[in-house]
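Participant: The amino acid sequence is not available; the structure is as follows:
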């Protein structure tokens, strides 16, 4: 038998969801069978699994030690890299994360280019794994995680949730588009006007590539992107982008559809990407939070910015654009 007292990082979620996190190797059918047979109870009473857990609830699992060990998995612990013989990610390695801001509930992380936001394959090590190690791996029934994702080769701000409250609140704000998100990019050609563009985006799951459509089409999602030129040199433009909707490859594909693909973008660059660049010059630069109260009042109306990574300065023309934008106090 095992008793579990629900704490602040376990409350607020469905009982069956908590059980899936606690008994990670158990099939859902097994969990629901145990609930039906009253082998899993909440506060001494029969439970169905759909109940929302409250802080202080007591779960009783009438399961043998062997069954608990079999289905609990290894739990939070060291994060292994792609190859089994590689060293585990240590707390010292996790400390490489560039933390822009941190409180009890969240952390704002400046993700470097080349790092996955989440695993793409079982052997991958992503920002999630680094963040888990940085926060200590979480606790029973709860794992810290990230609230938004960036493409592997896009750098910039990612919100990490250290507590369940942090994850839920930030995810809700992002879903309701209450957090303003701004990016910086360098695009081919000269963009002169500040505009907001609307379109529809359709993803091809086989190629993981999207196309931009002028009219609504079955299977396509509505998108809205704003952009403001900051500096231009006749061949390319430094652009500040407002992301109103967040769809796969939205910024990259939308700008390319306007005839201004991002420098270094081989997927949407139409053959004119700079051959020596290892990635697209796109950076999640700024977050603006709305009025917030309670546990998140310290974030109320705050603005956070992430410095551009070094590879933005590898081309002299890009370096000059950034310098000009700063001189004109536009960046």
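Facilitator: Cool, the structure landed. Because the structure is predicted, anything quoted here is derived from the model rather than measured.

Participant: C-alpha only now, for contacts and for neighbours.
Facilitator: OK.

Participant: Least confident secondary structure element in this protein?
Facilitator: Ranked by mean pLDDT, DSSP states H and E, the helix or strand of the chain with the weakest confidence is helix 91-94, at a mean of 66.

Participant: For this structure, give me the ranges with low pLDDT.
Facilitator: 73-93, 95, 270-275 (pLDDT under 70).

Participant: where's the residue lying farthest from the centre of it relative to residue 301, distance?
Facilitator: Going by CA atoms, centre = their mean, the residue of the chain most distant from its centre is residue 37, 38.8 Å out. Distance from residue 37 to residue 301, counting by CA to CA, to the nearest Å: 50 Å.

Participant: One more: residue 172?
Facilitator: Taken as CA to CA, the span from residue 172 to residue 301 is 16 Å.

Participant: Then residue 21?
Facilitator: 34 Å.

Participant: Tell me which of the two has more neighbours.
Facilitator: Using other CA atoms under 10 Å as the criterion, residue 21 and residue 301 rank with residue 21 on top: 17 against 13.

Participant: does that one sit in a helix, a strand or a coil?
Facilitator: helix (DSSP: H, G, I helix; E, B strand; the rest coil).

Participant: For it, give me its contacts.
Facilitator: Residues near residue 21 by CA atoms under 8 Å, 6 or more residues apart in numbering: 141, 142.

Participant: likewise the one 5 residues further on?
Facilitator: Contacts for residue 26 were tallied using CA under 8 Å, 6+ apart; they are 20, 71, 72.

Participant: do residue 306 as well
Facilitator: Residue 306 touches 100, 110, 156, 157, 284, 285, 286, counting by CA under 8 Å, 6+ apart.

Participant: Among the residues you listed, name the buried ones.
Facilitator: 110, 156, 157, 284, 285, 286 (16 or more other CA atoms under 10 Å).

Participant: just the residues you listed now: which is nearest residue 316?
Facilitator: Nearest to residue 316 among the buried ones among the contacts of residue 306 is residue 285, at 20.6 Å by CA to CA.

Participant: roughly how far apart are the closest one and residue 109?
Facilitator: From residue 285 over to residue 109 (counting by CA to CA), the distance is 11 Å.

Participant: shared neighbours of these two, anything?
Facilitator: 156, 157.

Participant: about what we covered before: residue 53: which of the buried ones among the contacts of residue 306 is nearest?
Facilitator: Closest to residue 53, out of all of the buried ones among the contacts of residue 306 and judged by CA to CA, is residue 157, at 31.7 Å.

Participant: Nearest residue to the closest one in space, please, no chain neighbours.
Facilitator: In space, and not counting its chain neighbours, residue 157 is closest to residue 110: 4.6 Å by CA to CA, 6 or more residues apart in numbering.

Participant: my read: that neighbour touches residue 158, true?
Facilitator: Yes: using CA atoms under 8 Å, residue 110 makes contact with residue 158 at a distance of 6.4 Å.

Participant: residues touching residue 205, list them.
Facilitator: Per CA under 8 Å, 6+ apart, neighbours of residue 205: none.

Participant: what about it, distance to residue 211?
Facilitator: On the measure of CA to CA, residue 205 and residue 211 end up 12 Å apart.

Participant: Kindly report the same for residue 39.
Facilitator: The value you get for residue 39 to residue 211, if CA to CA is used, is 51 Å.

Participant: and what of residue 177?
Facilitator: Where residue 211 is concerned, residue 177 sits at a distance of 23 Å (CA to CA).

Participant: which of these two has more neighbours?
Facilitator: Using other CA under 10 Å as the criterion, residue 177 and residue 211 rank with residue 211 on top: 17 against 14.

Participant: Which strand residues bridge the more buried one?
Facilitator: residue 202 (DSSP bridges).

Participant: That one contacts residue 217, doesn't it?
Facilitator: No: the criterion here is CA under 8 Å, and residue 211 misses it with residue 217 at 11.5 Å.

Participant: Now residue 99: closest residue in space, sequence neighbours ignored.
Facilitator: residue 109 (4.7 Å).

Participant: Is that neighbour in a helix, a strand, or coil?
Facilitator: Looking at residue 109 with three-state DSSP, the answer is strand.

Participant: and if you look at the one 4 residues further on?
Facilitator: On the three-state scheme (three-state DSSP), residue 113 is labelled coil.

Participant: Next, find the distance separating it from residue 312.
Facilitator: Residue 113 is 11 Å from residue 312, by CA to CA.

Participant: got it, and residue 245?
Facilitator: Counting by CA to CA, the gap from residue 245 to residue 312 is 25 Å.

Participant: swap in residue 31?
Facilitator: 50 Å.

Participant: same question, residue 105
Facilitator: Residue 105 is 31 Å from residue 312, by CA to CA.

Participant: do the same with residue 294
Facilitator: 38 Å.

Participant: Of these two, which one has the most company?
Facilitator: Neighbours were counted for residue 294 and for residue 312 using other CA under 10 Å; residue 312 has more, 18 against 7.
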